[in-house]
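**Q** Return atomic coordinates for the entry below.
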Amino acid sequence: MFDPREKIALFIDGANLYSTAKAIGFDIDYKRLLKEFQSKGYLLRAYYYTALVEEQEYSSIRPLIDWLDYNGYKVVTKPVKEFVDSAGRRKIKGNMDIELAVDAMQLIDHVDHIVLFSGDGDFRSLVEALQRRGRKVSVVSTLQTQPPMIADDLRRQADHFIELSTLMQRVGRDPSERPPRVEEEDDEIGDDDY
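**A** The predicted structure is shown next:
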């Protein structure tokens, strides 16, 4: 499936990979993920795409984004958009599909093999366009959930389908390895501080 002479690029749909890994019961160790694909060829780039809620004082994803940015990933973010649906409910939308597709098409002349971490069927036409340009495309997701986390037409279009659970031993992190969350100290001055 992989040729050690290949130039490889990873395109990670962050929200999709997170929900897929969670659905099959493990956390991704992103340092191990990089090493896994560096061992398969020349890893040219590793992109990670996610939308962020900008008004939040604290975002649980911010530490991950910062770590990825300093440790070999090209992080692509955009703010989520808020809207009210027809029933009057407040909704948020943060789709990164276009950004991922544009970056993949721009990088196409510099890579041999693209690895897409997503099961989103909207990427089928991107995979087909990359293949028409002579690139090999592997898709990483899972069939182990009901319903499967990967769209059938995306899986059929890909040159190779990689079942995420088969990578668990090499790129997974036991939830007990997760660093403890540090509580922020209270900076307010209380009565006892005078």
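**Q** residues in contact with the helix or strand bottoming out on mean pLDDT in the chain?
**A** Ranking every helix and strand in the chain by mean pLDDT, DSSP states H and E puts strand 90-93 at the bottom, with a mean of 75. For strand 90-93, contacts defined as C-beta atoms under 8 Å, 6 or more residues apart in numbering pick out 51, 53, 80-85. (Glycine included, C-beta is placed from N, CA and C.)
**Q** Could you export those residues as a markdown table, including distance to Thr20?
**A** Shown next, in a markdown table, are the contacts of strand 90-93 (distance: C-beta to C-beta, whole Å):
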| residue | distance to Thr20 |
| --- | --- |
| Ala51 | 17 |
| Val53 | 21 |
| Val80 | 20 |
| Lys81 | 24 |
| Glu82 | 26 |
| Phe83 | 26 |
| Val84 | 30 |
| Asp85 | 26 |
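**Q** Show me which of these are buried.
**A** 51, 80 (16 or more other C-beta atoms under 10 Å).
**Q** Please name the residues that touch Pro79.
**A** Pro79 sits in contact with 51-54, 94, where contact means C-beta under 8 Å, 6+ apart.
**Q** What is the nearest of those residues to Ile61?
**A** Leu52 (6.8 Å; C-beta to C-beta).
**Q** Starting from Met96, give me the distance back to the nearest residue to that closest one once chain neighbours are set aside.
**A** Distance criterion C-beta to C-beta, 6 or more residues apart in numbering; nearest residue to Leu52, sequence neighbours excluded, is Thr77 at 5.1 Å. Distance, Thr77 to Met96, using C-beta to C-beta, to the nearest Å: 8 Å.
**Q** So for the two, which sits in the more crowded spot?
**A** A direct count of neighbours by other C-beta atoms under 10 Å for Thr77 and Met96 places Met96 higher, at 22 against 18.
**Q** Return the subset of the contacts of Pro79 lying in strands.
**A** 51-52 (DSSP state E).
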